[in-house]
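Trainee: What shape does this take:
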Amino acid sequence: MDLISCLLTIASIVLLYLLGVQLLNFFSLKKLGRFPAAADYPFVSILVPARNEERNIEQCVQSLLAQDYPSYELLVLDDESEDQTWTLLSRLAQGKTNLRLLPGRPLPEGWIGKCWACHQLAEQAQGEYLLFVDADTVHQPSMLRSVMDAAHYYQADLISGLPHEKVATLSELLTVPLITWGIAAALPLPLAFALPSPVLSITIGQLLLFRREAYERIGGHQAVKNHVCEDMALGRLIKARGFRWRLVDAGAVTRCRMYTGLREAVAGLSKTIFGALDFRLGVVFLFSLLLALLFCLPPWLLLKSFVVPLPRPLVGQALTVSVLALLSWEIASLRFRLPWYTAFLYPLTSALSIFIFLRSAYLTLTGKARWKGRLLARRKMRW
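Mentor: Numbering: from 1, shown residues only. Prediction:
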């Protein structure tokens, strides 16, 4: 019991630190739509890679065609889709002068599919700025103008926007909050903005705005061509080369529904989580242990106390840690407009996340990871 009590004390300290980071980020993460209007608006290329996106592509493209921005082009690349994506795109393109459709070329060896698609899009783009958006996003007419306002305000070479993540099923409630909580608690953003270390960056691939010159000087998507978490890798390159990166809350102008079922959610997160942790097995184990200590052990002790009598001080400690954990998840849910009751699922979300962490590492290290019908590159084990 002394060991468990010591672990709960450590958990309390860690959670108090995380709550401090979350409160700092709560007010530091600025929202798109609240920046001063830019003095001028340069030509922008909106670039959308799409593979097997018949469920989302129409709504995404229609929302991008409706932007109130004065000067932009929209390029959509069909990455050898096996469904009706190209047919739907062809229908949408009729009579649209600012929409260009590109058929993707075959995937070369050594490339991840999305990186290859984005590379082809960038080759054809004419804009001074390149805005990469995922095909499962939907945008308000003010999105492009507001993200350019943020780029001008920060004088940023890369703006990464966190969309509002829609959740409608239990599967989504158990998986998506891991992303929003992680962003809210992972890094103190003012410190990450101020320090040049590439590790201190978070980038979200659903909305990435690059100043073209900076994008080309870091080597573009070709520089991260075999990285399954290319958004994080690009953000680290931007910081490593001395360029300016900023993260913003894009929830008011962009929404996204990444997954609709548990199988799809687990597969999608398993594809990227290990890459987001820089393919380091030791970090996976460390994060898994932290999730178990902070969010699984205390609720389990409380439940156990109803069956087996436990010392009252220990139960009190477990209750304290559980309340702090609930508060931590509730802050993230409120900040990113998830249902308030999502926070109460945090023990299940954490347990599922541990499984996804370990699964992601296993599939990547054994070369069994797949996404949208393609086998992903195998990675060597690093600690």
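Trainee: drop to CA atoms for contacts and neighbour counts, all remaining ones
Mentor: Fine.
Trainee: Run through this protein and note the low-pLDDT ranges.
Mentor: Residues of the chain meeting the criterion pLDDT under 70: 1, 375, 377, 381.
Trainee: Strands along that one, start to end?
Mentor: Ranges of strands within the chain are 44-50, 72-78, 99-103, 129-133, 137-139, 158-162, 164-165, 207-211, 245-249, 254-256, 370-371, 374-375, based on DSSP state E.
Trainee: can you give me the angle the fourth one makes with strand 44-50?
Mentor: Computed with axes from the mean of the first three to the mean of the last three C-alpha atoms, to 10 degrees, the direction of strand 129-133 lies at 30 degrees from that of strand 44-50.
Trainee: Using the record, which stretches count as separate domains in this protein?
Mentor: Following automatic domain parsing, one gets these domains for the chain: 2-25+274-372, 29-259.
Trainee: for these, which one sits closest to residue 379?
Mentor: Across these, residue 379 has its closest neighbour in domain 2-25+274-372 (5.2 Å, C-alpha to C-alpha).
Trainee: now that closest one, how far from the centre of its chain.
Mentor: Per C-alpha atoms, centre = their mean, to the nearest Å, the displacement of domain 2-25+274-372 from the mean C-alpha position of its chain is 19 Å.
Trainee: And that domain, end to end?
Mentor: End-to-end distance of domain 2-25+274-372 (C-alpha to C-alpha, to the nearest Å): 49 Å.
Trainee: can you check stretch 268-288 too?
Mentor: End-to-end span of stretch 268-288 (C-alpha to C-alpha): 18 Å.
Trainee: which residues touch that stretch?
Mentor: Residues outside stretch 268-288 that contact it (C-alpha atoms under 8 Å, 6 or more residues apart in numbering) are 227-229, 232, 259, 353-354, 356-361, 363-364, 369-371, 379, 381-383.
Trainee: From the chain's centroid, how far away is it?
Mentor: Put simply, stretch 268-288 sits 14 Å off its chain's centre (C-alpha atoms, centre = their mean).
Trainee: Could you check it and say which residues are buried?
Mentor: 268-281, 283-285, 287-288 (16 or more other C-alpha atoms under 10 Å).
Trainee: Among these, name the ones in helices.
Mentor: The helices, defined by DSSP state H, take in 268-276, 281, 283-285, 287-288 from the buried residues of stretch 268-288.
Trainee: Of those residues, just say which sits nearest to residue 160.
Mentor: Closest to residue 160, out of all of these and judged by C-alpha to C-alpha, is residue 276, at 15.2 Å.
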